[in-house]
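> output the structure for:
(one chain, ligands or ions: 1)
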Amino acid sequence: MNEAAITLDGWYVLHDFRSIDWVAWKMLDEDERRAAVEEFTAFLNKINKTDEAKTGAHALYTIVGQKADFMLMILRETMDELQEIETEFNKLTLAAFTVPTYSYVSVVELSNYLAGKSDEDPYQNPHVRARLYPELPRSQYVCFYPMDKRREGNDNWYMLGMDDRRAMMASHGKIGRGYAGKVKQIISGSIGFDDYEWGVTLFSDDVLQFKKLVYEMRFDEVSARFGEFGSFYVGTLLDADKFTKMLEV
Ligand code: VOV
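Next up, the predicted model:
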């Protein structure tokens, strides 16, 4: 059997995409709308506390275009907590005025393709921990898409030897490092959890950098030969105030 990469797995991730049922929302009277927004703000304050305690993280973004109106990305130590938060959100008044449009379940993942040899426990290494249990930046823009590595004929990633895969991942990492300080990436593995193999979440203060990075990677062998992509979602940063403003009708 071919050698599987060894993964380090961090926080579990739920990307929850919703559209707002504007017709129903507008039919509420102003007091009901205000109460629903206050309830949602209290929910946001609660999940913010987990970010502060560094036992999880979240990101809230609009989604531009018709695929969704907003995305709530939640990271937690267990999948059970993701389930609980999803249910908690669904019980909010506001949730009744949203339509689920897409979701993605995964776990933050690092592979050993480029890891040096060491006897230390990687889970105790502060640099590794910072990537497995990431603080999410409050960048102005987010981009999310799921992807697979192709398994077709001669282009079957899973039939390649470790050395070939490692060389391709080194080239991939080199391109990525060219975007240091411009784009932060969170790669989460979803084999066994969702329809694609990885979720790619990118954060940047310059939305054009997503296009430049993804385009440049398309010419790199690992993406050119093996990358298969799902739908792309792009959006802008929300907080409680911006969300409240967005819901004003
Ligand atoms: C923003 C920059 C950036 C940087 C620096 C970067 C670096 C790296 C390194 C060093 C490694 C390998 C070790 C590890 O950390 O796991 C990876 C791993 C991975 N990547 Fe990446 N990637 C980036 C960005 C980046 C993008 C934009 C994409 C989407 C590809 C595209 O064509 O649209 C991507 C995908 C992945 C995936 C799916 C994996 C896992 C593959 C597997 O088979 O296991 N990635 N990635």
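> okay, and the residue in the chain positioned nearest to the ligand sits in which element?
Nearest residue of the chain to the ligand (Cβ to the nearest ligand atom) works out as Gly176 at 2.1 Å. Bear in mind the C-beta positions are built from the backbone N, C-alpha and C, glycine included. Element membership for Gly176, per DSSP states H and E: helix 162-177.
> tell me the contacts of the residue nearest to Arg166 when sequence neighbours are not counted?
Nearest residue to Arg166, sequence neighbours excluded (Cβ to Cβ, 6 or more residues apart in numbering): Tyr113, at 4.8 Å. Tyr113 makes contact with Ala5, Arg165, Arg166, Met169, Ala170, according to Cβ atoms under 8 Å, 6 or more residues apart in numbering.
> and Tyr113, helix, strand or coil?
Secondary structure, DSSP: H, G, I helix; E, B strand; the rest coil: Tyr113 is coil.
> swap in the one 10 residues further on?
With three-state DSSP as the basis, Tyr123 sits in helix.
> how far away is Thr55 from Asp21?
Going from Thr55 to Asp21 by Cβ to Cβ, to the nearest Å gives 33 Å.
> hang on, the earlier thing: contacting residues for the residue of the chain closest to the ligand?
Listed by Cβ under 8 Å, 6+ apart, the contact partners of Gly176 are Gln185, Leu213, Met217.
> any buried residues in the one helix or strand Glu38 maps to, and which?
When secondary structure is defined by DSSP H and E, Glu38 falls within helix 30-53. Neighbour counts over helix 30-53 (16 or more other Cβ atoms under 10 Å) mark Arg33, Ala36, Val37, Phe40, Thr41, Phe43, Ile47, Thr50 as buried.
> starting at the chain centroid, how far to it?
Taking the mean of its C-alpha atoms, helix 30-53 sits 22 Å from the chain's own mean (Cα atoms, centre = their mean, to the nearest Å).
> isn't Leu44 right up against Lys242?
No. Between Leu44 and Lys242 there is no contact under Cβ atoms under 8 Å: 11.0 Å.
> right, I'll call it a day here.
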